Each structure stands twice: as C-alpha cells, then as structure tokens.
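J.: Structure of the sequence below:
(2 chains)
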Amino acid sequence: MVELERLKQELKRVNAEYAGIRDIVAEQRAEFGRRINEKKMAILAKIAEAEKAALDAEVQAIDITAFTAPNEPVPEVYTQDNGSSHPLTTEIDRVCEIYQMMGFDVVESRQLDDEYHMFDSLNFAKGHPARDGYDTFRTEEGLIPPAHTSTMQHRVLKKYKDKLARGENIAVVVPGRVHRNEDVDATHEHTFYQCEGVYVSKDCNMGQMLGILREFFEKYYEQKLEIRTQPGYFPFTEPSLEFMIEKPRSLGGKKGDFLEMLGCGMIHPNVLKMAGIDPNEYHGFAWGGGMDRLVMLRYGLKDVRYFESGKLNFLREF
Amino acid sequence: MRISLNWLKKYVNVKVSDEELVRLIGARLVEVEGVIDETHKYDNIYIVRVEKVEEIPDTHLTLCQINVGDVEVSKVEKNAEGLVQVVCGAPNVCEGMLAVWIAPGAVVPASVNEDAPFVIGKRKMLGKYESNGMLAGADELDFDDKHEKIAEINPAVAKPGDSLADVFELNDKILDIENKSLTHRPDCFGMIGFAREVAGILGLAFETSHFGHTQGRSAELTVLNEAFPNAIKISIEPSICARYTAIILEKHGELKQKYLTWQDTILAKSGMRPVDPVVNATNYLMLLTGQPLHAFDYDKFVAVGGKEKPEINVRLAKPGEELVLLDDKEIELNENDIVIASGEVPVALAGAMGGKSTEIDENTRNIILESATFSLYNLRKTQMAHGIFSEAITRFTKGQPPYQTLAVAEECAKMLSDGFKVAAVADKYPKSEETIVVKITTEEINNLLGTEYDKDLIVKTLENVEFAVKENGDLLEVTTPAWRTDIHIKEDIIEEVGRLLGYDNILPTLPLHQTAEPNKMWEFKKQIRGIMRRLGANELLTYSFVSGKLLEKAGQDPRNSYKIVNSISPELQYIRQSIVPSLLEKAYVNQKIPFDKFALYEINKVYQKAWGMDFEDVPVEKMQMGMVLAERKNTGTAYYKTKKYAEELLKELYISAKFLPLKGDLAVSKPFEPKRSAEIITEDGEVLGVVGEFKNSVRLNFKLAEYLAGFEFDIDKLIEKANGKKEIYLGEIEKRDLTVKTTGTYEEVIEKIEKVLVKNNVVAEITPISIYQPIGIKEKSISVHLDFHGKIDNTLMQELEKI
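T.: Okay, here's the model as predicted:
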C-alpha cells in the first residue's frame, strides 16, 4: 500500500516534469518528451504490478490440508455423465491398440525437436527445396516443432537396433502431435496428429508393407478393403508411395471411392546407415499419416477446428 | 501443372481409354488432382471467312457477311450468296480474313466455368441489324485475357466451315497434376519427359531423339556470323550456374504474329497466356522440354552494361544492389540471389524473372536468348525471399539438369527464324555431368519389392524410358540418361521397376514377428483418462502455441518459453510452459457459452527454457496434466473440490501423498495463489504437482467467475510413484464418529489421531464428515468417521476424544 502511494506520487512528479517541455529548445523537445514518456511508462507498469499485488494481498489463507472450509458441505466430484474423453486421444488409442495387436511397440513423438531429427537424419539434403514442403515453424534457437512424426524415425531405429542383433525385427508405431505453418480452415489445422510406423528386418519387402497397412485398415474399419497406391516422393524412403484405401461402407463409401490415408515407402539406405544399421544386411519400411481426418471420417465431423476448440458442446458428445 | 492429353498423345501412342490412362498415370507416375473435361468446350464454333464488311454509320460497329462453309445452324438464315450476317465491333475485322465464329446456341468458351455460362444468340442490334452469333476474340475463346481484336486464323491451316476444335485439337482433357509429388523429377516438368514416363507406364519404348532432342552438345563456342566477332563474353560461377548458353538473334523480318496459333492454344491449356511471339516461343519450349529460356533485348543489354559487346556475368548479388523486375516490382537483392549482370550491372534475377531494363518490346532489333541452369538451393531461397512463383522458377527449383540448354535454345531460334536469324552462339559448360551407372541384380529388385519379375521384363521396362541396360550375367549395369538426376543408388532403380510395372501388382503379405512391449506412459495416460471421465471431468486438447499475453496473464515469464519466429499470429508465438494457462482460457470460452460448472483437463507435453537440454541436445520435455475447475454460481471454496479431484485421482493410481504449503516458485505454480494452494508431495519428499485456487489477478485477467481452482501434475513422477499395491481388509469393522475441537489444521488433527491409533496398535480408515466453526469463534469442530479394523474398546475412543 505504502509502495503504491509512493509510486503515485512519483507519477505526479514526472507529469509535472513534463510541463517543463515549454522551456526546452525546439530541437531537443522530441528527445525530452521521449525520455519523460519512458519514465512514465516504467512507473505505470510498476503501479499495475503494485495494484495486482494489493489485490492478491487481500486473499485470506485457508487450511490447505482440510477437506472443506468451515461450515461448507464436503465437496463432491461431478457425476460421471458430465465426463468425456477427447475423440482424438480415444481414437489414437484405438489405432495404437490395433498396431500393438499386430506386434508393434508404441513410442510417443516429441513436440519440439531439432533440424537434425526433422530433416538431416531423414536424408533431406541441406538447403534442399523438399524441406519447404513441410511449412515448418522455427524457434529463435532454430528448433522445430516437428511437422511430421518421422522426426522420431532416427531415434526409433537407434533405440531398437539391438533387437536386430538378437534376430528380432524392429516394429514400432509413433503417434504424436505435429505442427505446420498453415492457414486454418475447416480442413486445415496448424496443429494436428499423425501416426508413424517403422519396420526393419533382414528380408522385409514392399509386399509386406502393403500387407501390414491393409491389415491395419481392415481391422480399424472392421471390413475387407481394396487398397491402391500411387508414386510419391519423400527423401527418406525409396521407393516412396501414397497409400489409399477404398472408402469403407460404414462411412458411406461406394465402389471406386478411394481415400488417401498415408505416405509410405522402403526406408532409404542413408537413413538406416545414419542410425548405424547396415543397409546391405537390413531393409525397412515406414509410413506416416494424419489422425485427425481418420477421426473426422469416423464420426462424420465437418470441421477439424472442433478438436482444439475446447468447447464443451463438442467435447461432451464423446 | 497442367497436361493436355491431346498434346501428350502426339508423343505417345496411347491405346487405352482416357479413364484408364488417367488411372495409370495416378497409380504409376504422379497424383492427378483432377481432370478438366474440355471435349465440348468448343462445340459449334467454326472457322469462317469474312466476305463483306460495311460500316454502320455513327457507331464503331460493322455489318459483316461471313462465309461459314457448309455449316448449317438451326434458325440461322443464309442470304442469297449463302453468307451469314454478323455485327462486329473489332477494329481488325476486314474482308478476306479467316475469323472464328461462335454460332448461335454455342457457349462462349471463356464463360464455361462461370455459374451461368454465356450462350450466344441471334439478335437485332440497334433495332434493325440482325446479328447471328459473334466473331470471337482470343479472350472469348479463353486463350488470352486481352480484349483487343478478333482472332485471325492462318489460311494455310484451315478453311471456312472447319470446326475450330478440329483445327487446333481442342476437344481435349486436361490433367491437373500435383507438383509436390514430382519434386525430384525435373524431367517431368516438360511434355517430352512426361510423355516418356507415360510410354514407360504403358509398356511402350520412347525415343527422345525422335523429337529432335539430343543428350547435349560439346562445350565449344560457335560463332555463326561475322557481324558479331567474339560476340559474347560469358563468365559464370560453376557452383551457382552449371551451364550458360546464349544465342544472339538478329532481326531480319517480321514474325507472323497476327494469327492465332496451335502453340497459343497449348500455352492456354497449360495455364499460361500469350505475351508476344518471342516470349511465346520461349514459354512453349519450356512447357515442352522443362528448360526455361529468357530473352533479353540485346541493345538494351549492351547499353546498360556500358560495354561495346555484351558481357554476361552470372554471379551472386552484392548487398545493397537493387533490381526492377519485369512486373515493375523493385526488389533489394540479397547475397544469396543469383543475378545476370551486364558487365557489372544486374539486369535479371536468374531463374526467377527478367529485369525491366532489358525487356524486349516492339522496337527490339536483336535478342540474347538465354538457356541456362542455376543452383536450385539458391533459387529456393530467392523464391522465398522475393515471393516469386513463376513457371520458370518452379522448374529450376526441381534442379533442371544442364544437358539440353543448347538444344533447346537452338530449337527456339528455329521457331523464331521468320523474324530472326542466328548471329552467334555461345555455350559455357565447364564441367559436363558424370554418367551414373548402377549395378543391380533382378534378385535384389524382386527381394525389395516382394515380386517375381523376370529379367527380360525388368530390362525392357528400364529401356522403355531410355535407361541403357547392359546384362553381365546376373548383374544389370544400368546407365541413367542425362535427365534422370534423381537416380543414384540401387533403390532408385528398384523404384523405377516397381513403379512402372505398377505397385498395385505387388501382392500384400504379412510378415511373422515377435510380440510388442507395452508402453508404460501410454497405458498410464489411458488409465488417467478413464478415471477422469468417471470423475465427470472433460478431456481437452489445446494448442501447444500460446500468446505472450496469455503467459503474462497466468503470471509466467515469456522469456522462459521457446519463441516461434515465423508464427501464424501473435496468438501462437510461444511454446507453453504448463497446461493450466491454456485451460483457463478455455474455461472462459465455456463459461461464456454458458456452461455453469465443469472440470477441464488435458495431458500433453510442455517445454521450458529453464529445463535446458537433454542428452540428445534437444529441449527437455515433460508430460504434464493440468485441470481447471470452474463454476459460475457457487460461492463456496473451490480449492476443496479441486483437491478432492486430485485425491481421487491419486487414490485410483495407488499413490499416497500429502498436501503441504506451496513453497516453490516454479513456472508451473505461478498462476496459483500461495495462501490457497498446496504442493502435492510424496512421503519421500518428491513434488508431484500443485493444486489450488488462482491468484485474484490471474482470475480477473482471464475474466473468470470466483469459484475457480485447478491443479497440474508431472506425469513422469506419477508413473514413478504409482505402485499398484493396495492392502485389502476383509474383517469386521466397527464404525465410530469423532469430533475434535481445534484451532490448528485438519492435518494436525489427523496426525494426532494416527498417533493414538499407532500407540494402541489399531488400524482405522478415516473419512471426513464436517467442519463447523461458529462466526466470531477461533475454534472449529472437525468431525470424522472412523472405520476400525476389528472391535475396539471405549478407552480408545475416550483417548481420541481428548485430542
């Protein structure tokens, strides 16, 4: 309180000082005004701080160890019918459960990473235009909120390469939140979820990759599905493909409707090499696809922005 | 990129239906985003001869009698001489010219994509002149945007009555190609390269040399005309410009530029517009070959440089240099930009756009035709720095190889030969590209694809797209053509085989492998979500990016947050330090809707600069769970309900913890009011999180109602402490209530009770009942319920009551 009074007095003094501008020669007035203004701003900021402190000082302490305040009823939690789980996390759980059934370990993706994991370790040449396709955000330090869950490929390969020595395969899925510098609309979000898959063994091939992906989608949609592919380009896979499935009947799909689900391909030998795996001895495949659209299709949602809206009208439906 | 199927079919003998062709291109080459069907766009549009032109007095209009050949259109009457009358306003209409007639009933092609396409009719102009349809300009035909005059057709290519669509092959389908999936294929950005791939897909052999293109020329300087001795001095920096070819063209006549040409229609179908005959020729060749060309006005170029002869210098720009581009935009060059300089003076932004000072115009006498390649790395940055997304830079940033610069420039000179002759050719090509040979076996190909293709099929597939294959026993020695800069390793060849023969022909199989390991964190989060749902709480996902203002509103210092330098908006500039502030923001959104009471929670990753880097030298990340509980109408103490949530959660996870006064001054606890908050600490002193009400200032900053509290947990610590063990008592229970008067805390009362219980070797479960405190009295009565394991005697109760 005393401090607040003192600051208010000081502000008065500075205001009075400003009146002296009439006595300053014209060419120095601007500089004078700027200096006074700076002082004034500093004091105003301090006053705001002090007022906040005063406001917080009014607060009465309570017995934090107790279960309720004197004379108040014992609090109850809300009833279960108010509760809800986010459809994205629920669905990502389901996706991971299916992959786990198929023998895949789950590793969660980082949300802030570096250029090395996001690009270098994935065989993107330095300064290559392919890096632009990812519309990455960057921090002042040059860190990257990853634009794809592939940012975990190098880590996963390194973490599990001992398995190869033991004669086992690497089979991992990596769900996680990713970010792209994109304008937001009903079908685009700057924040969304992906799931990556990484598989390495001595004799794996593209037929197995297509088999695993088809198996996953058939389990996920609980029906037999036609699959299609088209050539794609990712520096970290060779060959690279886009993978499509026939739109499931449960989602109103008709014969000949195909949905692009993910990008995939055989892991580029350089990516294996960088993780210390001999590409002459082992091969691998990897894929990555968006989760948001999967969930939107499943629930018939029209707007991707619902997911991070935090609005209970939406969330309590799940 | 747009690909005309009619144009494509000039290079490939397509024998499948268009539908199948599009499907195959999609499955084996590139994503086709859409097919624009133009098969009826030019229906009922004909070539006609203007036979008679009479001016209509006091107007700019003329009354024309046109010869429409043997075309008959319903309701259109021909006069005695068999001519049709049309009113025309174009300045260039004249007797004898071949023009384009949009017959009554036809749709104006430029309007086909509008909501209401414009249908041409038969009508009376100025009340008395009957006009049947219209004579069309290139703009109405959708070949140009300029509305100046009607289109004129070269009599050598058509006669009256011919359908316009037949003359120019306009009954077409245009593919809309997703460029992104061809990032590594510069060759496919020209029709010849695209057609080569289509041939390969269809199992047909393609021969580029059939179309007048070779794999390049030697690096000699040729002077074709003595008028320009030592005509051009070129100096290049090989790291930014692998090859620079220049042809000097000298004007000797007029180009036939008055006619609408087939090339104009190709430009239009490819999404470009005609400019002038020279630029049109360069653009057409770029679309054909993928090699961009640029034409400088020779005399302006020399004048700007201040030398007697052109001195072309390809170099990096110097700081402070400026350039006015062809689109009149003045840009400040940076040290990454490659410029073409005349002597010392920059005259073009290489690969991106020409400069104003050397622009060709109607007075241009001599031309320097540039055909070169530039470093895609520099151009990529130039593209971003100056926001230039021209057709040329799109091709250069894919890495156009240098093999064909001379051939394409020569082709351009040929196209312009009516108006220009070649005066000199200069070609700076210091280091020719290495030929790449990849050695691979059919077994390696089949093993990676999971196929059983035989050797002959593999060899033919590669040869179809002009790889040279030498068989050496089991080994195939595959020599890559000059345009395949993307082929380096075995996997690249495997991709070619798999792709051209169709990935759809690969049989999906399932490998056998070991079982998976459960992920503790993942399972734990799933468990928490289940518990929270039962407790009536709502799971949210909110952005990891927050505003500096939000951090300040929550009492957190933005300097402790990683800051995004290219954020979409100030709202998304910082990476959040904890979960609770985001939830406070969403609590406001929900109170406003309005929802009266709710408990919002989120589990997600957070980052703080203060935490430093981990062993991989990336920021330490923590998995945290935040909850905010808010009610609009309750006047009670929110702390206790929120604490109840924390306790219930801990109980379900089998974690025992105490609630002690908030001591730490960590970022996580900044929004919390220390007098009404607690640290949640395990027996061994590990802080699991913080629970409490928020500072008044924070609550007001977020404009939230008074009943408000929350918590934030460190999930990694919770996992560590969750032991999953619980002792279950199945015996008899004696139920007693106990009221204790005290001026101390509840915890102190409980501790005293426990002490008595331990002393007497008795176990009891304690459940709180109430706290009563008459107004104005310091002492309060705390009542609890005790479930004793087994019978107790009254002396124990008496001892307890004495507390």
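
J.: quick one: contacts for the residue in the stretch 151-300 of chain A that chain B sits nearest to?
T.: Evaluated by Cβ to the nearest Cβ, the stretch 151-300 of chain A has A:Gly207 as its residue closest to chain B, separated by 2.6 Å. All C-beta spots, glycine's among them, are computed from the backbone N, C-alpha and C. Contact partners of A:Gly207, counting by Cβ atoms under 8 Å, 6 or more residues apart in numbering or on different chains, are B:Leu449, B:Gly450, B:Thr451, B:Ile506, B:Leu507, B:Pro508, B:Thr509.

J.: give me the element it is part of.
T.: Under the criterion of DSSP states H and E, A:Gly207 resides in helix A:206-221.

J.: before we move on, the earlier item: name the nearest residue to the residue of the stretch 151-300 of chain A closest to chain B, ignoring sequence neighbours.
T.: B:Gly450 (2.6 Å; Cβ to Cβ, 6 or more residues apart in numbering or on different chains).

J.: I'd guessed the one you found sits against B:Ile506; true?
T.: Yes. In this structure, B:Gly450 is within contact of B:Ile506 by Cβ atoms under 8 Å, at 5.6 Å.

J.: who touches both of the two?
T.: Residues touching both B:Gly450 and B:Ile506 (Cβ under 8 Å, 6+ apart) are A:Met206, A:Gly207.

J.: Quick one: neighbours of A:His190, just the number.
T.: By other Cβ atoms under 10 Å in any protein chain shown, 21 other residues sit near A:His190.

J.: try B:Lys641
T.: Close neighbours of B:Lys641, defined as other Cβ under 10 Å, add up to 23.

J.: for the record, mean pLDDT for the particular helix or strand that has A:Glu97 in it?
T.: Secondary-structure assignment from DSSP H and E places A:Glu97 in helix A:87-101. Here helix A:87-101 scores 95 as its mean pLDDT.

J.: what helices or strands is that helix leaning on?
T.: strand A:105-106, strand A:170-179, strand A:191-201, helix A:206-221, helix A:292-299, helix B:520-534 (3 or more Cβ pairs under 8 Å, 6 or more residues apart in numbering or on different chains; DSSP states H and E).

J.: Could you check the pLDDT of the residue of the stretch 151-300 of chain A closest to chain B?
T.: Looking at A:Gly207, its pLDDT is 95.

J.: try B:Thr435
T.: Confidence for B:Thr435, expressed as pLDDT, is 88.

J.: related to what we said a few turns ago, pick out the shakiest of the helices and strands packed on helix A:87-101, pLDDT-wise.
T.: Mean pLDDT values for those show the minimum at helix A:292-299, a mean of 88.

J.: Could you pull up the contacting residues of the residue lying closest to A:Gly83 once chain neighbours are set aside?
T.: Residue nearest to A:Gly83 in three dimensions, not counting chain neighbours: B:Arg533, with 3.9 Å by Cβ to Cβ, 6+ apart. If a contact means Cβ under 8 Å, 6+ apart, then B:Arg533 has A:Gln80, A:Gly83, A:Ser84, A:Ser85, B:Glu539 as its contacts.

J.: got the domain boundaries for the chain?
T.: In the absence of a named chain, chain A is used. Taking automatic domain parsing as the domain assignment, the ranges for chain A are A:2-57, A:87-315.

J.: not what I meant, chain B
T.: Split by automatic domain parsing, chain B gives B:2-39+B:173-202, B:45-168, B:233-428, B:441-505, B:520-721, B:733-801.

J.: Run the chain-centre distance for the first one.
T.: I take that to be domain B:2-39+B:173-202. Distance, stretch centre to chain centre, for domain B:2-39+B:173-202: 21 Å (Cα atoms, centre = their mean, to the nearest Å).

J.: re earlier: make TSV from the helices and strands packed on helix A:87-101 and add distance to B:His785 to it.
T.: Output for these, formatted as TSV (distance: least, Cβ to Cβ, whole Å):
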stretch	distance to B:His785
strand A:105-106	43
strand A:170-179	45
strand A:191-201	46
helix A:206-221	49
helix A:292-299	45
helix B:520-534	23
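
J.: And these: which comes nearest A:Phe234?
T.: strand A:191-201 (11.9 Å; Cβ to Cβ).

J.: Alpha carbons of the closest one, as PDB, please.
T.: This file holds the C-alpha atoms of strand A:191-201, laid out as PDB (Å, rounded to 0.1, in the frame of the first residue of the first chain):
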ATOM      1  CA  THR A 191      -1.800 -28.400 -35.000                       C
ATOM      2  CA  PHE A 192      -2.700 -32.000 -35.800                       C
ATOM      3  CA  TYR A 193      -1.900 -35.600 -35.000                       C
ATOM      4  CA  GLN A 194       0.000 -38.200 -37.000                       C
ATOM      5  CA  CYS A 195       1.000 -41.800 -36.600                       C
ATOM      6  CA  GLU A 196       4.300 -43.100 -37.900                       C
ATOM      7  CA  GLY A 197       5.200 -46.700 -38.500                       C
ATOM      8  CA  VAL A 198       8.700 -48.100 -38.700                       C
ATOM      9  CA  TYR A 199       9.600 -51.700 -39.600                       C
ATOM     10  CA  VAL A 200      13.100 -53.200 -40.200                       C
ATOM     11  CA  SER A 201      14.100 -56.800 -40.700                       C
END
